[in-house]
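Colleague: Below: sequence and its predicted model.
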Amino acid sequence: MPVPVDPGPPALRLASTGTLTYGLPVGEVLGVSTLKGARLIAGRSGLGRIVQRLNVMEVPDILAWVKPNELLLTTGYPLRNTPQSLDNLVADLDERGLAALGVKLGRYLDSLPAEMIEQADRRGFPLILLPDDVGFDDILNQVLTDILNRQAAVLARTEEVHRALLQIVLCGGGLQEVVDEVAGLLEVAVVALDGEQRVLAGSGPEEQIQAMRALGRGPSRDGDHLVVPVVAGGFDHGRIVAYSPSGTLREADQTILERAATVAALVVTKQQAVAAVESKYRADFLRDILSGRAGDDDRVVAHCAGFGWDLDRPMMVLVAELDGRPRGSDGPREADRARDGARGEQGRDPMRGEAGRGAEERSAQERLAAAWTTAVRRYDRGAAVASFAHEVVAVVGADGDDAAALSGGPVQSIVKEAAAVFSEHRRTFSTGISRTVRSPAALPEAYEQAVKAVRVGRQLHGAGARAHFDQLGVYRLLSLVSDAGELHAFVRETLGELASDDEPELVDLRRTLQVLLETNLNVAETARRLHFHYNTLRYRIGKLERMLGPFTEDAHLRLNLTLALHVLRMRGI
């Protein structure tokens, strides 16, 4: 019976060599003129099988010579004396990947047995009765010609697409233009995703673009979508996804998508190279500003305007540092070194290059910079953001607000959003915030304040600390003592046995002392906070004075005790 021809493009398969090869579905093969009189007698569900080659065989045992994706043409002669029954022959041919079997009946075989037809229907294996008046050579010539013509047409279209995409790049276009071009060619929604499944560019309905974010993690080929990686220089830059809810995508469309991925890789590589140069230039200039070497305020403001930075307003400096850096990587900044030169070299300068750092640490620093850039840009388009070797620095507008009120405002929103974006990388960072300044000339001092807030905040509160310079209080002064051994000695001399954490009873007494000092020796309030009886607290005060001296009467001793307890709170000292 005649079979309708599907006019769509041919499907694509990957050959064993890894090269792209093309073929025609069996349903299209049956549409050529030489097979006009052919009848499909079984296996209608297999009309989508791909024919890549044709063969004619009339040897007694055809099974040993068949190849995958082959349309085998034969007569009843080799079928009459096969070693196995004809239904088993169908099973064997199907398992070997044969696309279809075309048979000419005649004097050697009058008809195909019912068992063979049933087996072919079960397996979706097309069985075709060929017309008697057409030669095998005519069928071979026409089908192979159609396959080659179709392959040439697809290759020509692919090359045309490639030239169009390259022209976009040569004319300065970006990912959005590439995605738009592919979406127009395939008439489907297309999106470019980065390695974190974020949308870089999309063309199509918004709901489909958002749906494709999840598809980028799935299989590379499915009924309604195609996924192709964007790879350049051995680095995976993300995915390009084409999506058709109605399932109109064909495997041949993947060739176009692969060409688009190649061009997208060129675009991404170019953008990264340009961004790297711009980022270094901006970071160098911001470093000069924070070191006081960038010139007068008018020059700084004018130069920064070219970067899109607004430094002609009240500003604060935010510094973010990764927690858990290798031991010894901390050290004074450039300005600290100049100020403390008389004390000698104090560790290495974190502003110098990244030589010697591990790849994992560099990668974490890059992700931290990306998280901060995204968060800062959302709340302040005129902010200056740059990544140094061991920290990310942002100069944001203060708008005259009290930045010390960390419970709200844009600064807190920036810090929270950056932490939320970065949290998926299973690392933490600490943040320091400076006072508000009103001119670029004051930024070096603000930077030093933010750096100090980072270090002291982490010592007080551990990883993930967020501290404002004005909230450091006496800890700011204690952090200026560079000799940690001197601080330890002061604690031991002042607190004596209470400086140790070895005995729970002594730790409990130290807690009592701390609350007494916090309440200015208010015995009733201390007893309430510690849930002690008044007499019990009086007994403890007597014990503490025997150990430490008459601190209830000596204001200087109370000051020393308070400072010693503050030093103990500073982790890492």
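Modeller: Alright, I've got the coordinates.

Colleague: where does Thr145 land on pLDDT?
Modeller: What the model reports as pLDDT for Thr145 is 84.

Colleague: Sorry, slip of the keys, the one I care about is Phe429.
Modeller: Phe429 is assigned 87 on the pLDDT scale.

Colleague: That one contacts Val319, doesn't it?
Modeller: No - if you go by Cβ atoms under 8 Å, Phe429 and Val319 don't touch, sitting 9.9 Å apart. Any C-beta I mention is one placed from the backbone N, CA and C, and that applies to glycine too.

Colleague: ok, and the closest non-adjacent residue to Glu391?
Modeller: Counting by Cβ to Cβ, 6 or more residues apart in numbering, Glu391 lies nearest to Glu321, which is 4.8 Å off, once chain neighbours are set aside.

Colleague: Just give me the neighbour total for His488.
Modeller: The tally of other residues near His488 (other Cβ atoms under 10 Å) stands at 14.

Colleague: Need the three-state assignment for it.
Modeller: Taken by DSSP: H, G, I helix; E, B strand; the rest coil, the conformation at His488 corresponds to helix.

Colleague: In contact with Arg466: list those residues for me.
Modeller: Taking Cβ atoms under 8 Å, 6 or more residues apart in numbering, we find Arg466 in contact with 406, 415, 430-431, 433, 457.

Colleague: Show me the beta-bridge partners of it.
Modeller: Arg466 has these beta-bridge partners by DSSP bridges: Thr431.

Colleague: distance of it from Met57?
Modeller: Distance from Arg466 to Met57, counting by Cβ to Cβ, to the nearest Å: 78 Å.

Colleague: same question, Arg282
Modeller: From Arg282 to Met57 the distance is 71 Å (Cβ to Cβ).

Colleague: returning to what we had before: most neighbours among the contacts of Arg466, please name it.
Modeller: Ile433 (30 neighbours).

Colleague: Quick check: phi and psi on that one?
Modeller: phi -130, psi 130 (degrees, to the nearest 10).

Colleague: A strand includes Glu196, no?
Modeller: No - under three-state DSSP, Glu196 falls outside any strand and is assigned coil.

Colleague: Read off the pLDDT value for it.
Modeller: Reported pLDDT for Glu196: 72.

Colleague: Next, work out how far apart it and Arg511 are.
Modeller: Separation of Glu196 from Arg511 (Cβ to Cβ) stands at 45 Å.

Colleague: Same question for His162.
Modeller: 73 Å.

Colleague: what about Phe422, how many neighbours?
Modeller: A count of nearby residues for Phe422, using other Cβ under 10 Å, gives 22.

Colleague: Same check on Leu175?
Modeller: The tally of other residues near Leu175 (other Cβ under 10 Å) stands at 23.

Colleague: show me what contacts it?
Modeller: Here Leu175 is in contact with 192, 200-201, 264, 267-268 (Cβ under 8 Å, 6+ apart).

Colleague: Can you flag which of the residues you listed belong to helices?
Modeller: Using DSSP state H, 264, 267-268 are the members of the contacts of Leu175 that sit in helices.

Colleague: now, which of these sits nearest Ile541?
Modeller: The closest of the ones in helices among the contacts of Leu175 to Ile541 turns out to be Val268 (Cβ to Cβ; 69.1 Å).

Colleague: Could you work out the most separated pair of the contacts of Leu175?
Modeller: It's Ala201 and Val268 that sit farthest apart of these, by Cβ to Cβ, at 10.7 Å.

Colleague: wait, is Ile240 part of a strand?
Modeller: Yes - the assignment for Ile240 (three-state DSSP) places it in a strand.

Colleague: Please report how far it lies from Val263.
Modeller: Going from Ile240 to Val263 by Cβ to Cβ gives 10 Å.

Colleague: which one of those two has more residues nearby?
Modeller: The neighbour comparison of Ile240 against Val263 (other Cβ under 10 Å) goes to Ile240, with 29 against 26.

Colleague: What's opposite the more buried one in the beta bridge?
Modeller: Beta-bridge pairing for Ile240 (DSSP bridges): Ala192, Val228.

Colleague: pretty sure it is touching Val188, no?
Modeller: No - contact status for Ile240 versus Val188: not in contact, 11.9 Å apart, counting by Cβ under 8 Å.

Colleague: which residue lies farthest from the center of the protein?
Modeller: Taking Cα atoms, centre = their mean, the residue of the chain most remote from its mean C-alpha position is Arg107, at 68.0 Å.

Colleague: Tell me which residues of stretch 120-129 come out buried.
Modeller: Within stretch 120-129, the residues that count as buried by 16 or more other Cβ atoms under 10 Å are 120-121, 123, 125-129.

Colleague: Show me the beta-bridge partners of Arg53.
Modeller: Applying DSSP bridges, one finds that Arg53 bridges with Glu70.

Colleague: Neighbours of it, how many?
Modeller: So Arg53, with other Cβ under 10 Å, has 17 neighbours.

Colleague: mind listing what it touches?
Modeller: By Cβ under 8 Å, 6+ apart, the residues touching Arg53 are 67, 69-71.

Colleague: centre of the chain versus stretch 201-213, how much separation?
Modeller: In terms of Cα atoms, centre = their mean, to the nearest Å, the centre of stretch 201-213 is found 18 Å from the chain centre.

Colleague: tell me the mean pLDDT over it?
Modeller: The model assigns stretch 201-213 a mean pLDDT of 79.

Colleague: Then stretch 238-257?
Modeller: Averaged across stretch 238-257, the pLDDT comes to 75.

Colleague: Report how many residues lie close to Ala273.
Modeller: 10.

Colleague: now swap in the one 4 residues further on and tell me
Modeller: Close neighbours of Val277, defined as other Cβ under 10 Å, add up to 10.

Colleague: thought Asn560 was touching Thr494?
Modeller: Yes - taking contacts as Cβ under 8 Å, Asn560 lies within contact range of Thr494: 4.9 Å.

Colleague: hang on, the earlier thing: and the pLDDT at the nearest residue to the residue farthest from the centre of the chain once chain neighbours are set aside?
Modeller: With sequence-adjacent residues excluded and distances taken as Cβ to Cβ, 6+ apart, Arg107 is closest to Gly76, at 7.8 Å. pLDDT recorded at Gly76 is 78.

Colleague: For Gly76, give me its contacts.
Modeller: 103-110.

Colleague: Now Arg381. Its backbone dihedrals?
Modeller: phi -70, psi -20.

Colleague: Could you count how many residues lie near the spatially closest residue to it that is not a sequence neighbour?
Modeller: In space, and not counting its chain neighbours, Arg381 is closest to Gly308: 7.2 Å by Cβ to Cβ, 6+ apart. The number of residues packed near Gly308 is 12, by other Cβ under 10 Å.

Colleague: wait, doesn't Gly308 sit right on Val385?
Modeller: No - Gly308 is not in contact with Val385 according to Cβ under 8 Å; the separation is 10.5 Å.
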